[in-house]
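The sequence and its predicted three-dimensional model are supplied below.
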Number of protein chains: 2
Amino acid sequence: MCESNVYLKENGAETLIMENVAVITPAGEHRFILRGLLGEQQEVSGIIEDINLMGHKIILKPA
Amino acid sequence: MCESNVYLKENGAETLIMENVAVITPAGEHRFILRGLLGEQQEVSGIIEDINLMGHKIILKPA
C-alpha cells in the first residue's frame, strides 16, 4: 500500500495531520484536499515542503 | 514499491516526465526537483495538479 502520512512542520516540529492519504488535490492557493482510502477527506492549508514516496511521508509547511 | 510516475498535463494531454520518482522537493516558485531511487534527478517547472499515491501518478500542469 502506498498511502502516505501528511505532516505539518512548524518551528521544526512535525505534527501528523492525516494518516494513509491516498490522493492530494490542490484546492485554491495554498490549500489541499487530502483523501483517504475510505473516502474520508480533510482540507488543509499549507505549502508542500517535501514529498517522500519511499518514506510514505508528505510534509507541508505553513503558507 | 511506492515510486510514482510524474506527468505534465498540457492541453488535456499527459506527457511522462520521469518514471519511478521517489522524492519530490520544491526548488523555488513553480519548480520541483524529482529524484529517483538510484540518485538520478531532474528539475521541472510546473504546478501540482494532482497526487494519486494509489495510482502511482503525479500530475503537474504548466505554471
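Thanks, I have the structure now. Fair warning: this is a prediction, and the values are worked out from it, not measured in the lab.

Please report phi then psi for the residue with the largest distance to the centre of chain A.
No residue in chain A sits farther from the centre than A:N11, which is 17.2 Å out by Cα atoms, centre = their mean. When read as degrees, to the nearest 10, the backbone of A:N11 gives phi 50, psi 40.

try A:E3
phi -60, psi 160.

Without its sequence neighbours, what residue ends up closest to it?
Nearest non-adjacent residue to A:E3, counting by Cβ to Cβ, 6 or more residues apart in numbering or on different chains: A:N20, 4.1 Å away. Any C-beta I mention is one placed from the backbone N, CA and C, and that applies to glycine too.

what number of residues lie near that neighbour?
17 (other Cβ atoms under 10 Å in any protein chain shown).

Verify the contact between it and A:C2 for me.
No - applying Cβ atoms under 8 Å, one finds A:N20 not in contact with A:C2, separated by 9.9 Å.

ok so, going back, from A:I51, how far off is the residue farthest from the centre of chain A?
Using Cβ to Cβ, to the nearest Å, we find A:N11 at a distance of 21 Å from A:I51.

now swap in A:I24 and tell me
For A:I24, the distance to A:I51 equals 9 Å [Cβ to Cβ].

So which residues of chain A form strands?
Along chain A, counting by DSSP state E, strands occupy A:4-10, A:13-26, A:31-36, A:41-45, A:47-52, A:57-61.

For A:I59, see how far away the nearest residue to A:V21 once chain neighbours are set aside is.
Using Cβ to Cβ, 6+ apart and skipping the chain neighbours, the partner closest in space to A:V21 is A:L34 (4.7 Å). Here the criterion is Cβ to Cβ. By it, A:L34 lies 13 Å from A:I59.

Who has more neighbours out of those two?
More neighbours surround A:L34 than the other of A:L34 and A:I59, with 24 against 21 (other Cβ under 10 Å).
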